[in-house]
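In: Sequence plus the predicted model coming up.
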Amino acid sequence: MDFLSFNRIVIKVGSSLLSNKNGQINQPWLKSLADDVTELRKKGVEVIIVTSGGVALGRGYINRPTGELRLEEKQAAVACGQLELMQGYKNAFAPDNIAQILITIQDTERRRNYLNVRNALETLIKNHVIPIINENDVVATAELNYGDNDRLSARVAQMLDADLLVIFSDVDGLYTKNPMKHEDSEHVPEVHKISKAVENMAGKPTSNVGTGGMQTKIEAAKIATAAGCHCVITQGAGENPLHALYNGKLKYTKFISQTTPLTARKQWIVSGVKPMGEIIVDKGAAEALKNGSSLLPAGATAVSGKFERGDLVIIKSPEGEIARGLSSHSAENTKLILGKKSSETPAILGYSGRDELIHRDNMVITS
Ligand code: GLU
């Protein structure tokens, strides 16, 4: 697999890889992963990590080394274990800078939170800090949480327009049947479409350390591939797992996306969502949009509707609809900066937000 053809990779690290039998962090393995990540980053690939292990590393603190934990026990364990985990990452990745991001399902599913998390992550990446993400299990409720980091990692990949998600787990990919039970099961190296038949291949969870089984990994692959991100599931227990993966030394299943992150976003813009307002632009701006420019405040003449930052709006020229896109500002703020130069907008809004009203990556020309 040519890793250098990817711009942005999300790596999901499972609990069973990070903790040893005694519930302590597997530091040599983590250091070997860090070395691999450093090597990739030097070649210009951006890396984001979604890590499990908080609960597993915290069990010792509450004297529950094994067995099912009640919600409050899990929360208490992870409150301790998350520190162990991050200390391990900090030591392994030094001198590179890392950051801890703990998110809940609300942060990926509510638009305002989503945009905030995304901006924070983008800012870290721009500053060469490696984001290390986990679910905020201390505050997540039993009814409303991811529970497994497989789907969380896929949502992160989607949020950040990553082009590859690597799930390091204790299984080396998908088998036609559960390989623990059926001798005649066969490894599946590539999946082009996640059909019912593929879903049926995933059995029940087998690992006793982490939370997700093959089912949640298939769910993750579905979310990622729909967003234009390929997904690889592989066994990461040996040292230098990334290095082994890109040198063809690991068996894996690759779920191939038929689209790109940009195309997926644009498809979503034209299909799924309901427009919340309209922005009217002058003839010059209409022409510029058709030639691939972003919509700047200077080219807009009127705005209607009630929308928030990130909502879908229709862009109209005096002749009618020309495009649809996700607004960088709320309707209220768009009204304030209509017709103004981008350099004037920070003084009007009281903060320096996005220069454009709608970025070209968030816009589709419809006529
Ligand atoms: N967030 C959990 C932890 O840090 C892991 C969930 C999972 O196993 O995927 O322990």
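Out: Structure's in. What do you need? Residues are numbered from 1 along each chain as shown.
In: Run through the residues of the protein sitting next to the ligand.
Out: Applying C-beta under 6 Å from any ligand atom, one finds that the chain approaches the ligand through 15, 52-56, 78, 134-135, 137, 148-149, 210-212. Yep, even glycine has a C-beta here, placed from its N, CA and C like the rest.
In: Show me the two of these that sit farthest apart.
Out: The two members of the residues of the chain next to the ligand with the most space between them (C-beta to C-beta) are Val78 and Gly212, at 15.8 Å.
In: I'd assumed Leu165 was in a strand, is it?
Out: Yes - the assignment for Leu165 is a strand, going by DSSP: H, G, I helix; E, B strand; the rest coil.
In: What's opposite it in the beta bridge?
Out: Residues in a beta bridge with Leu165, per DSSP bridges, are Val10, Cys231.
In: so what's the most centrally placed residue in the chain up against?
Out: Geometric centre of the chain, nearest residue: Val156, 1.3 Å, by C-alpha atoms, centre = their mean. For Val156, the set of contacting residues under the criterion of C-beta atoms under 8 Å, 6 or more residues apart in numbering consists of Val10, Ile48, Val50, Thr108, Leu121, Ile133, Ala162.
In: and it, what helix or strand is that in?
Out: Using DSSP states H and E, Val156 sits in helix 149-159.
In: what helix or strand does Lys266 sit in?
Out: Going by DSSP H and E, Lys266 is part of helix 261-270.
In: Could you list the residues in contact with that helix?
Out: 158, 161-163, 226-229, 259, 312, 324-326, 361-364, 366.
In: same thing with stretch 74-86?
Out: Applying C-beta under 8 Å, 6+ apart, the external contacts of stretch 74-86 come out as 18, 24-25, 51, 53-59, 61-62, 64, 69, 98, 100, 102, 132, 134, 137-139.
In: is it fair to say Asn258 lies in a helix?
Out: Careful, residue 258 is Gln and not Asn. No - assessed with three-state DSSP, Gln258 is coil; it does not lie in a helix.
In: my read: it touches Val191, true?
Out: No - proximity of Gln258 to Val191 does not meet the contact threshold set by C-beta atoms under 8 Å, at 11.3 Å.
In: who's more crowded, those two?
Out: Between Gln258 and Val191, counted using other C-beta atoms under 10 Å, Val191 has the larger neighbour count: 20 against 11.
In: Surely that one and Gly173 touch.
Out: No - in terms of C-beta under 8 Å, Val191 does not count as a neighbour of Gly173; the distance is 9.4 Å.
In: Now the common contact residues for the two.
Out: Common neighbours of Val191 and Gly173 (C-beta under 8 Å, 6+ apart) are Thr253.
In: To what extent is the closest residue to Leu349 other than its chain neighbours buried, counted in neighbours?
Out: Once its chain neighbours are removed from consideration, Leu349 has its nearest residue in Asn333; the separation is 5.8 Å (C-beta to C-beta, 6 or more residues apart in numbering). Residues contacting Asn333 under the criterion other C-beta under 10 Å number 21.
In: returning to what we had before: kindly export the helix holding Lys266 (C-alpha atoms) in CSV.
Out: Coordinates of the C-alpha atoms in helix 261-270 are reproduced here as CSV (Å, rounded to 0.1, in the frame of the first residue of the first chain):
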residue,chain,number,x,y,z
PRO,A,261,-13.8,13.4,0.5
LEU,A,262,-14.5,16.4,-1.6
THR,A,263,-16.9,14.7,-4.0
ALA,A,264,-18.7,13.0,-1.0
ARG,A,265,-19.2,16.4,0.7
LYS,A,266,-20.5,17.9,-2.6
GLN,A,267,-22.9,15.0,-3.1
TRP,A,268,-24.2,15.6,0.4
ILE,A,269,-24.7,19.3,-0.3
VAL,A,270,-26.8,18.7,-3.4
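In: mind listing what's buried in that helix?
Out: Using 16 or more other C-beta atoms under 10 Å as the test for burial, helix 261-270 gives Pro261, Ala264, Arg265, Lys266, Ile269.
In: what do you get for stretch 23-37?
Out: Counting neighbours by 16+ other C-beta under 10 Å, one finds that the buried residues in stretch 23-37 are Gly23, Ile25, Asn26, Trp29, Leu30, Lys31, Ser32, Leu33, Ala34, Asp36, Val37.
In: among the contacts of helix 261-270, which ones are buried?
Out: Here, 16+ other C-beta under 10 Å leaves 158, 161-163, 226-229, 312, 324-326, 362-364 buried among the contacts of helix 261-270.
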